[in-house]
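# Just to be clear, the model below is a prediction. Sequence and coordinates:
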Amino acid sequence: MAKERIFELIRNEEVVLFVGAGMSMYAGCPSGAKLAEILHNGLTEELKKDITLNYDLSKLAEEICNIKGGNKNYLFSTLKKEFQKIPLSTETHQLLARIPHFKNIITTNYDTLIESTNNNIEVIRKSADYTIVDPKKQLLFKIHSDLSDTENIILTTTDYNNYFSKSKEDSVFWNAIKDRLASNHILFIGYGMEDSNINVLLDKIIQELGHNRKEIFFVSPSIPPAKLKYFQRIGIEYIESTGENFINEIYEDLRLNYFPNLTKGVGVAGTALDFANANQINVTLSQKDKRIEIGDIKSTNEISDHKIEVKFEMPTSEESMNILASIKGKNFEDVYLDKNSLKEFNMFFKGFRFKTEEDIQNLIIKKLPVFDFNMHIIFEDGFEIDNYPFKLFVISPSENEGHLKIQLEDFTVIIKIEFQTEKDSTKYNLEIFPSEQIRSTNSGFKFYEMLYKIISGQKFKIYKENEIFYNYIPKIKFEDDALDAKLLLKYFEDLKKIEKHFNLKFSKINLEKKFEKLIKNILAYIDKTSFSEHFLGESFGIEGQKNFEQLISIDEGNLFLTWASNKKTIIDLYDKQFDLGYLHTSIHDGYIENLKDLQLSKTKNILLKSRSELIHFRYADDKNII
């Protein structure tokens, strides 16, 4: 529970990190006790008689300083020898540098491992340093100073007493530290209970902050039972771990949980960008409903590793079969999973989790094409299409069957191939699926021109980046024009003719609703030609006795009748309007079928028919009959 709690607080950027000597031991730096031993071993044999080895570093340093008359040269030269040598490793400190969530780090260490591995950190050793720091960077408070400022190094007991004196407590430096300790939770890493200064620090924090302090966590590989009870009594959470392991665990938690929680309002944009950049990742962030949304995710180096982990509950048995068939490559269908089906979803980039099932409303697993490029196709008669989008998908529904799906600009072609055991007995079946809205007349024209040439048996070559990708020699025999390629090619040719005449362009062409009759009328207007339709006759009455008598007085020969509409004809075609002028109608070989009955006054309704059973139409800009 303590680990989960501290991980949560770190994600919220509410933790001050307190670093002790144990965090640097893996790099070859000595612990406090080991440094005491090194100092004692470096003494002359004569001095060793007067100074007994004491593993309390501050007390031993005090004795050495006293016996040398207050001179600290030996102490500082030993420190330089131990802390300025090349480290055995900086792996843990490099990992710590990739965790910008610690806005403030406090250390009692003399080494420079933290600042030398982190370019985004400002070092503060005394009050004067605090006034010139960049507040946007992480701050490192070195409360025992270091070898760059030996005058302020805290090493001996006297140094400690002076440091915690009343006059020092009110300094800008110590007030800045107290402010951070009071307003944040505290994580101690790298301190052993043999460090005398840890007791002073803990007592000082508890004394200063009292029962209103925030939570304190203490990480150490071991702790004496008495000290553990003391921690429990004063409310300090103990976590058993080495510093190196615990930094790894913190980083692992951030790697898995920081970015998913960012979209829930946990964290700030600046830290998120710093965290991503520190790990060679670029992210685009935006604000939405007081939350941070993660957009594009890219790598800043050549490594770009995506991974998605999905656990889902199968829906009904029929849907399950379809999903499994899709996953196994037996159909072209994408897999759609709604939120209720998703039990676990993790999206990783370079090992960092960015999305979980809580971020997903649904999941679509889309099939990727085997080939995806813009092709150049050339037919043997010279017809060619350049820069034509081409995608090829392949599935195997059964052992003896393979299907190809070819996605072109506005059309999908499905080729089903059934392999037979006999030679040359392979069966092919082609299906054409136009887009619901073809984007242009030229797009449809190009496709059906190409399709018509293929079914007519022409050879062609496909080029990819100026190299032959496929050389087609006709293998499939088509029965007449089973795919309507010739008819649809004519359809798009007519549309192109209309576009040219009226100086416009069609778009969103839906072949589910073809308008052959409307196109025929528009072309008749353009070409100034007439067109005919089947005419079975029409019954009508004549107003006025004189007109009626004149009509029935004719003989039984052919009648030529013509009339014009009073209004212009306006046609709508694919969201365009066309003014075709006035419709002129004529019957060239008309006759009155019931003429005898009319003459005998048996009826008043005239039944007009055409001997050829045709009625003729023509559009003209003038409504006057010529």
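Right, received. Where do you want to start?
# so who does Lys264 touch?
Going by C-beta atoms under 8 Å, 6 or more residues apart in numbering, Lys264 touches Arg291, Glu358. Glycine gets a C-beta too; all of them are placed from N, C-alpha and C.
# quick one: it from Leu113, how far?
Going from Lys264 to Leu113 by C-beta to C-beta, to the nearest Å gives 34 Å.
# can you check Val16 too?
For Val16 relative to Leu113 (C-beta to C-beta), the value is 18 Å.
# likewise Gly192?
According to C-beta to C-beta, Gly192 and Leu113 sit 18 Å apart.
# now swap in Ser148 and tell me
Applying C-beta to C-beta to Ser148 and Leu113 gives a distance of 14 Å.
# cool, and Lys609?
108 Å.
# who's more crowded, those two?
Between Lys609 and Leu113, counted using other C-beta atoms under 10 Å, Leu113 has the larger neighbour count: 24 against 19.
# thinking that one is in contact with Ala21, fair?
No - assessed by C-beta atoms under 8 Å, Leu113 is found out of contact with Ala21, at 10.9 Å.
# got the buried residues for whatever helix or strand Ala36 lives in?
According to DSSP states H and E, Ala36 maps onto helix 32-41. Neighbour counts over helix 32-41 (16 or more other C-beta atoms under 10 Å) mark Gly32, Ala33, Leu35, Ala36, Glu37, Leu39, His40 as buried.
# can you put those residues in CSV and add distance to Glu63 and pLDDT?
Compiled in CSV, the buried residues of helix 32-41 are given as follows (distance: C-beta to C-beta, whole Å; pLDDT from 0 to 100):
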residue, distance to Glu63, pLDDT
Gly32, 15, 86
Ala33, 15, 86
Leu35, 14, 90
Ala36, 10, 89
Glu37, 14, 91
Leu39, 10, 90
His40, 10, 90
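# Any buried residues in the lengthiest strand in the chain, and which?
Ordering each strand of the chain by length in residues (DSSP state E) puts strand 576-592 first. Using 16+ other C-beta under 10 Å as the test for burial, strand 576-592 gives Phe578, Leu580, Gly581, Tyr582, Leu583, His584, Ser586, Ile587, His588, Gly590, Tyr591, Ile592.
# Pick out the residue closest to the middle of this protein.
Asp296 (5.9 Å; C-alpha atoms, centre = their mean).
# Partner strands of whichever helix or strand that one is part of, with direction?
Here Asp296, judged by DSSP H and E, is contained in strand 291-299. Strand pairing for strand 291-299, using DSSP bridges, gives strand 281-288 (antiparallel).
# centre of the chain versus the strand it pairs with, how much separation?
Mean-position distance between strand 281-288 and its chain equals 11 Å (C-alpha atoms, centre = their mean, to the nearest Å).
# Would you mind listing the buried residues in that strand?
Across strand 281-288, burial judged by 16+ other C-beta under 10 Å covers Ile281, Val283, Leu285.
# Over to stretch 595-603?
Going by neighbour count (16+ other C-beta under 10 Å), the buried part of stretch 595-603 is Leu595, Asp597, Leu598.
# average pLDDT for that stretch?
Stretch 595-603 comes out with an average pLDDT of 81.
# End to end on it, go ahead and measure it.
End-to-end distance for stretch 595-603: 10 Å, by C-alpha to C-alpha, to the nearest Å.
# so where is this structure shaky, pLDDT-wise?
Scanning the chain for pLDDT under 70 picks out 164-169, 193-202, 315-316, 421-424, 480, 544-548, 550-557, 625-626.
# Give me the distance between the top helix by length along it and the centre of its chain.
Assignment by DSSP state H gives helix 243-262 as the longest helix of the chain. Remark: helix 243-262 is offset 23 Å from the chain centroid, using C-alpha atoms, centre = their mean.
# helices or strands up against it?
Using 3 or more C-beta pairs under 8 Å, 6 or more residues apart in numbering; DSSP states H and E, the elements in contact with helix 243-262 are helix 2-11, helix 91-97, strand 185-189, helix 269-278, strand 291-299, strand 352-356.
# Please tabulate those in CSV, including the columns distance to Lys103.
Below are the helices and strands packed on helix 243-262 laid out as CSV (distance: least, C-beta to C-beta, whole Å):
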stretch, distance to Lys103
helix 2-11, 11
helix 91-97, 13
strand 185-189, 12
helix 269-278, 8
strand 291-299, 18
strand 352-356, 21
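# most neighbours per residue, which of those?
strand 185-189 (a mean of 23; mean count of other C-beta atoms under 10 Å).
# Let me know the angle separating it from helix 2-11.
120 degrees (axes from the mean of the first three to the mean of the last three C-alpha atoms, to 10 degrees).
# What residue spans form the domains of the chain?
For the chain, automatic domain parsing gives the domain ranges 2-29+88-251, 264-365, 371-494, 515-620.
# Need the winner for burial among the ones you listed.
Highest mean neighbour count among the domains of the chain (mean count of other C-beta under 10 Å): domain 2-29+88-251, with a mean of 17.
# Can you get me the start-to-end distance on it?
End residues of domain 2-29+88-251 are separated by 16 Å (C-alpha to C-alpha).
# quick one, phi/psi of Phe478?
Per-residue torsions, Phe478: phi -100, psi 140 (degrees, to the nearest 10).
# Could you do Lys609 as well?
Lys609 adopts backbone torsions of phi -130, psi 170, taken as degrees, to the nearest 10.
# wait, it sits on Tyr591?
Yes - between Lys609 and Tyr591 a contact is recorded at 6.0 Å, counting by C-beta under 8 Å.
# Would you map the helices across the stretch 451-600 of the chain?
Applying DSSP state H, counting those that start in this stretch to the stretch 451-600 of the chain gives helices spanning 485-502, 516-527, 545-552, 595-599.
# TSV for those, including distance to Glu401?
Shown next, in TSV, are the helices of the stretch 451-600 of the chain (distance: least, C-beta to C-beta, whole Å):
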stretch	distance to Glu401
helix 485-502	25
helix 516-527	37
helix 545-552	70
helix 595-599	68
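# so which of those comes closest to Asn248?
Closest approach to Asn248 among those is made by helix 485-502 (65.1 Å; C-beta to C-beta).
# wait, isn't Ile99 in contact with Phe275?
Yes - in this structure, Ile99 is within contact of Phe275 by C-beta under 8 Å, at 7.5 Å.
# Now the common contact residues for those two.
Common neighbours of Ile99 and Phe275, counting by C-beta under 8 Å, 6+ apart, are Leu254.
# Could you find the closest non-adjacent residue to Ala141?
You called it Ala, but residue 141 is Phe. Distance criterion C-beta to C-beta, 6 or more residues apart in numbering; nearest residue to Phe141, sequence neighbours excluded, is Ile106 at 4.6 Å.
# Assign a three-state SS to that neighbour, would you?
strand (DSSP: H, G, I helix; E, B strand; the rest coil).
# If I follow the layout properly, Val268 ends up in contact with Glu13?
Yes - counting by C-beta under 8 Å, Glu13 is a contact partner of Val268 at 7.0 Å.
# in what helix or strand does Ile364 lie?
Going by DSSP H and E, Ile364 is part of strand 362-365.
# That strand pairs with which strands, parallel or anti?
In the sheet, strand 362-365 lines up with strand 335-338 (antiparallel) (DSSP bridges).
# okay, the partner strand in CSV with CA atoms only?
What follows is strand 335-338 as a C-alpha-only set of coordinates in CSV (Å, rounded to 0.1, in the frame of the first residue of the first chain):
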residue,chain,number,x,y,z
VAL,A,335,-12.9,-6.2,-36.4
TYR,A,336,-15.2,-3.9,-34.4
LEU,A,337,-15.2,-4.2,-30.6
ASP,A,338,-17.3,-1.9,-28.5
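# so what does the helix holding Ala36 touch, helix or strand wise?
Contacts defined by 3+ C-beta pairs under 8 Å, 6+ apart place helix 32-41 against helix 57-67, helix 73-83.
# In TSV: the ones you listed, plus distance to Ser304.
Shown next, in TSV, are the helices and strands packed on helix 32-41 (distance: least, C-beta to C-beta, whole Å):
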stretch	distance to Ser304
helix 57-67	48
helix 73-83	39
